[in-house]
Every structure is written in C-alpha cells, then in structure tokens.
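*Asks:* sequence plus the predicted model coming up.
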Amino acid sequence: MRLDLLLQSEAAAAFEHCFGTAIAPDQFSVQMTRKEFAGDRTIVCFPLARHSKLAPDATAERLGEALVAGEGPVVGFNVVKGFLNLEIQASYWSEWLMAEAAVEDYGRQPADSAPRVMVEYSSPNTNKPLHLGHLRNNFLGHSVSRILEAAGHSVTKVQIVNDRGIHICKSMVAWRKFGQGETPETAGMKGDKLVGKYYVAFDQAFKKEAADLIAAGMDKEKAEKEAPMILEAQETLRLWEQGDADTVGLWRTMNSWVYAGFEHTYRTMGVEFDKLYYESDTYLIGRDHVLDGLQRGVFEQTEDGAVWVDLTEDGLDRKLLLRGDGTAVYMTQDIGTALLRFQDYPDLDRQVYTVGNEQEYHFKVLFLVLGKLGFPQAERCHHLSYGMVELPEGKMKSREGTVVDADDLMEEMFGIAREIAQEAGKLDGLDDTAQREVFERVGLSALKYFLLKVDPKKNMMFDPKASIDFYGNTGPFILFNYVRGRSILRKAQAEGLDMPASLTMAAGADEMELIEGIHALPDVIAESASTYNPSLVANWCYDLTKAFSSYYQDHPILAAEDAATRDFRLVMTARFTHSLKTGMHLLGIALPERM
RNA sequence: GGUCCCGUAGCUCAACUGGAUAGAGCAUCUGCCUUCUAAGCAGACGGUUUCGGGUUCGAGUCCCGACGGGAUCACCA
C-alpha cells in the first residue's frame, strides 16, 4: 500500500483508539515534512482538534504516541505547533526500493484497467505548414494520451483533419493562377510548405485586387467581397461540393502533398495517431443529425431555412447549426465527428479535445448541443483547453510572417545540440547515424520540455532568441543526468557487478530526497491524469533529476566506501533511471544512452 | 458591454487542491574538473504573491470589489 494511504488508515485507527471517535482515513492530511523539521511525514492536527476535544498540540502528542506503539512503520515523532511530524523506519525505504519500485512498470496502472478514452490533438488545416502553436498542441495531446495510458486507460489517439473549406480552395486558386504546374518534386519543397506558399500568394493577390477596387472608388467592405480572387475561391468551393471532377482532383492532389509534408513533420516530432478523421467525411453526418434534431423539435428553423439552437436557458446565446442554403458550418461537422467516434468505438467512455482556449465557447456549445440531441456521452466530452504561445512582439500572424515554423525550429534545436556535443567531444566514437539520433533526442527534449513544463491553461512566452536553453531547468539537463546514471549502470555490468537481491543498508538523510522523488511517481501520474496536466510530470522529472544530480556530486557510487553502501547506491541509481525514463516517456521524450 | 482565463524575484516558470520561513532556472557575483559524463555541483544576491476588503486556528491558493493583460461573444474555421 502507498505510504500516505497506510498512514491515513493507521492514523484513523489510532485516533479512534485514543479519543473514541471514528474519523474517515481521508480526513487526515498527510504531507511531506518540510526540510527544516525532523521527520518524513506530517499530519496536520488543527482539523482534528474539534473531534478530539483537545488542543491541536495535545491531540498530536496522543496520536503520535499511538502511532509509534502501532504496527506501522512509524518509529518516532515530534510536535511543532499542531503539526505532528512522523519518522518512518529507515528500513521501510530499502524494502520499498526492492519491492514496489523494482517492478518493470513501476508507477503505471495495469493496462486496460480503466475505460477507453479518445484523445484528439493536432487537427491542422491543410493549407499551411505546422508552426509553434501546433507543437504545443501536439506535444500536449500526445503526452496526455500517454499519461492516461499510464493511469490504466485504453487510449485512442485521433485527429480531425480540416481538409475541406474555403481555405484549401484559396491555395487551389492561387496554384492554378501562378503555379505553372509546380509540384513538391519540381520545387524541391515539402508539400505542406508548397501549398502554404500558394495560400500566402492568394492572400497577396487578393489584397492587391481589393486595393485596386478601393482605389477605383469602391468601399472596403464591398471590395473585399467582390475581388475576383475571392469570388473564384467561393466558386471553387461550390464546385467541390457539387463533386466537380477537376476541382475534386486538384483538391486530392494538393491535400496529398500536404499529408506527405505533415507525415514528415509528425515523424520528426515523434507523435503518432491511431486513426484519422476527415471533415470531408463527417460534415454530412453532422448535417443529418441537425436535421433530425430539427424534426424532433430540439432546434428551430428561421424563414430563410437556417437551423439554430437556442441556448439562452444555458446562459449562452442562439447558435447557427446549418446555413440557409443547407451547407455546413464548423459546428455541423463537429457534431458529426463526435457522434461518428462514439459509433466507431462503442466502448468509448470519454473524449478529450486538445484545442486552444480561443475555442472554449465553441466546445461549450458543442457539448450542450450533443446533450440536446439526446447523447448521454455529451457529459463525457472534455475540452483540454490550453493557452497561446506568444512571441515577444505579440501573437503569431501567418500573414505577417511572424510564425515560427515547426520544421525549422526543430532543425535549429538539433543544430544547437550538435554544436554543444561536438564541442564536448563525447560522441566521437559513434557513427553519423547514431550521432544524429542523439542530436535529435537532445534537441527535441529541449523543445518538448520547454513547452510541457508550463501549466497548459496558461499562455506562455516564447522568445526565439533566448527561450530554449540547454542548461538549467531544461530537457537536456534531465537527459544528461539520465545518461550519467546509465553510464554507471553499464560500467557496473561491465565490471561483473550484479544487481543485489537485497539491501543490508538503510536509507540515510542524504538519500531521502532522491528516494522520496522516486516514491512520488504513482501519485504524480494519478494527479496529472485526472487533471490532464503534463506539467506535473515535467516538474516531477526535473525535481527528481535535481535530487540525483546533487547526490551524484559527492556520493561515489561504484567507488563507495563498502559493498553495502555501493549496493544501496547502485539500486537507487537503477530506480532513478528507470522511473525517470517512465516519466519522460509520458512527456513523449525519448532518452539517449550517451550525450 | 456580457462571459471565461491569467496576474508570484529584473526575465521565464513552480508551489502536492487551505498548512509551517513562497521555490527553481536564466541573468549578476563567488568557489569547485588528475576522480562514475562540468549540458554539472555548492553558495551569494533577488519578494508587501498587482491593489483593497472578507471567510478562519491558518490564504499565493476560497469569496467580493478594483486595476492590468489575454480569449471569446459571425450564415469564419
């Protein structure tokens, strides 16, 4: 049993014994004892005073005595102002290191012990390359998937590809006009970059047309509606919806270029999906459900044929679900997508949508609408909302060229990793492929850790010039210490040292920070899973690593003063590297063996 | 204007769901590599947790009100 749970139940029994009053175990607040006091765990006794009818101090004294007298691991106590500090038997920790912490999947709940959850993330538009904002999204969704898996859920990772609509039509129009048959091969360019180039070209040409019209005396609003480029894009969308062969053909071609480009980027990022949904497949399903809801009187229709939902009773507004001409809006296809997913996976307990906080209103509406349509799963949908990544000069604007491109940024990280490694010269024995793998892992760790260590719901600042460091509280720092630990374990093996089957030494004060860190992993996983918050795992990885790094500095492991001490340190090192690897895996960060 | 989120060291971020003297990294300064990887360790400096009330044994954390920043409120996605 976990120590804190054990202490709670021991405390409940002891309390009843002392005071004749039963209190539920979870009413005892057990926490880590602060460093400046003696002891390992602290029970806060202020809330107990009214049940014991004694002052907090006196309550703590009686409780402490009873706990020491009990069967549990408490061997001593002291009381400071209502705080009962408990000393845990030192052998408890060495036994724990050889038992619970020793198993391969330490920290993880058994696979499939919790219901199936679907996690959606990424979900890009197919008209431009992925950028920094997508990186936060992808890393977050991917990490949450792994955390939920570690908490025992079966997890299905999906994305909804926004493959249809006016945005892709814009790229198509510009490519027809200016492209002269250019392809990713002839341009020597990634497909997503090429399509993005035409999206920008569209915007520039369109702005020029509008400006010309305004110069000719037309007002701005009208000019932006009547510029030939935009009319052509709208016509292209109409043709697409009618299934026009040429239009659909070009749409397929250009989307396939984008997918090839994305595929490359996803592989570099180290994220993957179990299933892809496409809006072009789901918007009609959504429309059917909306029309069905209309028939059943859940929604209402205005004179022009548009379908609306009235959410004023829920504190929201009226919201459009279907245009007057019967075509779908964003909401329509999201209804279709959600329902299709529950149909595809009948055992699905929950859906998690990893989408930026600018869409909070949208998801509030979506979940309410699903509920009105009579789907009980509506309550099991969760919008994992996260804050924007801001640049020093403000928001990223693709039209103003201030976006930080995902591919470029990752390459830059790899480059920095290479420079540092080559200067240190520690990889000289490895061939180019193996070196490249190290650079990628180190560089990617810097990026992922940087984006994941911040509470998802908060906006975060990214300064391209200064932001991503390889020293201090960073991914590479964590990797570096993992590598140190692994290096020791390899050396031990090479010297013929076997992992001890039991420990004869007990943990001392110097060891406790590291041991407590390892010990916390299961709680951290549970907490981050229930709050969809990888930053808890990231911060745990860092704190644990710091404890090891500090310990490593002045405690020789292989050259310890005696065999018992060496064995103890060797086991701690093994538990450290192993639990750290688990934690980093939950962040989607792969660890190198040397760097 | 309505709703929601955020405000902690010069900067970027923590703080176990209300607990003891609010912690890290960067930056600045001081020590430490013949020894398991110095992408490291130890230390110094740095705070009226935006402000004002309230709740209670106890508030960065909960409530109310200001102020500052962001998001959103489309027949856009």
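*Replies:* Yep, that arrived.

*Asks:* so is residue A:354 in a helix, a strand, or just coil?
*Replies:* strand (DSSP: H, G, I helix; E, B strand; the rest coil).

*Asks:* how near is it to residue A:76?
*Replies:* Using Cβ to Cβ, to the nearest Å, we find residue A:354 at a distance of 48 Å from residue A:76. For every residue, glycine as well, the C-beta is placed using N, CA and C.

*Asks:* and what of residue A:503?
*Replies:* Applying Cβ to Cβ to residue A:503 and residue A:76 gives a distance of 21 Å.

*Asks:* of these two, which one has the most company?
*Replies:* Set side by side, residue A:503 and residue A:76 show more neighbours around residue A:503, with 19 against 15, by other Cβ atoms under 10 Å.

*Asks:* not counting sequence-adjacent ones, nearest residue to that one?
*Replies:* In this structure, residue A:503 finds its nearest non-sequential neighbour in residue A:94, 4.2 Å apart by Cβ to Cβ, 6 or more residues apart in numbering.

*Asks:* what about the helix or strand that that neighbour is a member of, average pLDDT?
*Replies:* Assigned by DSSP states H and E, residue A:94 falls within helix A:90-98. For helix A:90-98, mean pLDDT is 94.

*Asks:* show me what it is packed against.
*Replies:* Contact here means 3 or more Cβ pairs under 8 Å, 6 or more residues apart in numbering; DSSP states H and E; on that basis helix A:90-98 packs against helix A:509-531, helix A:563-586.

*Asks:* could you rerun that using 6 Å?
*Replies:* Packing contacts for helix A:90-98, counted by 3 or more Cβ pairs under 6 Å, 6 or more residues apart in numbering; DSSP states H and E, involve no helix or strand.

*Asks:* got the buried residues for that helix?
*Replies:* Across helix A:90-98, burial judged by 16 or more other Cβ atoms under 10 Å covers A:90, A:92-94, A:96-98.

*Asks:* kindly reformat those residues as TSV containing distance to residue A:376.
*Replies:* Output for the buried residues of helix A:90-98, formatted as TSV (distance: Cβ to Cβ, whole Å):
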residue	distance to residue A:376
A:90	52
A:92	46
A:93	47
A:94	50
A:96	43
A:97	46
A:98	47
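
*Asks:* how about the nearest residue to residue A:44, chain neighbours excluded?
*Replies:* Using Cβ to Cβ, 6+ apart, the nearest residue to residue A:44 is residue A:29, at 4.4 Å.

*Asks:* what's the answer for residue A:271, then?
*Replies:* Here the residue nearest residue A:271, using Cβ to Cβ, 6+ apart, is residue A:142, at 4.4 Å.

*Asks:* tally of neighbours for the one you found?
*Replies:* 27.

*Asks:* in the stretch 351-500 of chain A, where is pLDDT below threshold?
*Replies:* Along the stretch 351-500 of chain A, the parts satisfying pLDDT under 70 run over A:398-401.

*Asks:* redo that, cut-off 90
*Replies:* A:375-377, A:379, A:391-403, A:423-429, A:463-468 (pLDDT under 90).

*Asks:* and the residue of it nearest RNA strand B?
*Replies:* residue A:472 (2.2 Å; Cβ to the nearest atom of the strand).

*Asks:* identify the bridge partners of the residue of the stretch 51-200 of chain A found nearest RNA strand B.
*Replies:* Among all residues of the stretch 51-200 of chain A, residue A:83 sits closest to RNA strand B, at 3.4 Å; criterion: Cβ to the nearest atom of the strand. Following DSSP bridges, residue A:83 is listed with bridge partners residue A:44, residue A:80.

*Asks:* ok, it to residue A:16 distance?
*Replies:* 21 Å.

*Asks:* looking at the two, which one has more neighbours?
*Replies:* residue A:83 (20 against 13).

*Asks:* so the more buried one touches residue A:42, yeah?
*Replies:* Yes: look at residue A:83 against residue A:42 with Cβ atoms under 6 Å: they come within range, at 5.3 Å.

*Asks:* not counting its neighbours along the chain, what's nearest residue A:168?
*Replies:* residue A:127 is the one closest to residue A:168 (Cβ to Cβ, 6+ apart), at 5.1 Å.

*Asks:* wait, what's in contact with that neighbour?
*Replies:* Shown in contact with residue A:127 (Cβ atoms under 6 Å, 6 or more residues apart in numbering): A:167-168, A:171, A:199.

*Asks:* of the residues you listed, list those near RNA strand B.
*Replies:* residue A:167 (Cβ under 7 Å from any atom of the strand).

*Asks:* ok, back up a step: the residue nearest to residue A:271 sits in which helix or strand?
*Replies:* Counting by DSSP H and E, residue A:142 is found in helix A:132-150.

*Asks:* what segments of the stretch 251-400 of chain A are helices?
*Replies:* A:279-295, A:330-344, A:360-372 (DSSP state H, counting those that start in this stretch).

*Asks:* what's the most buried one of those helices?
*Replies:* helix A:330-344 (a mean of 21; mean count of other Cβ atoms under 10 Å).

*Asks:* buried stuff in the helix or strand of chain A with the lowest mean pLDDT?
*Replies:* Sorted by mean pLDDT, DSSP states H and E, the helices and strands of chain A end with helix A:220-226, the least confident at a mean of 85. Buried residues in helix A:220-226, defined by neighbour count with 16+ other Cβ under 10 Å: A:223-224.
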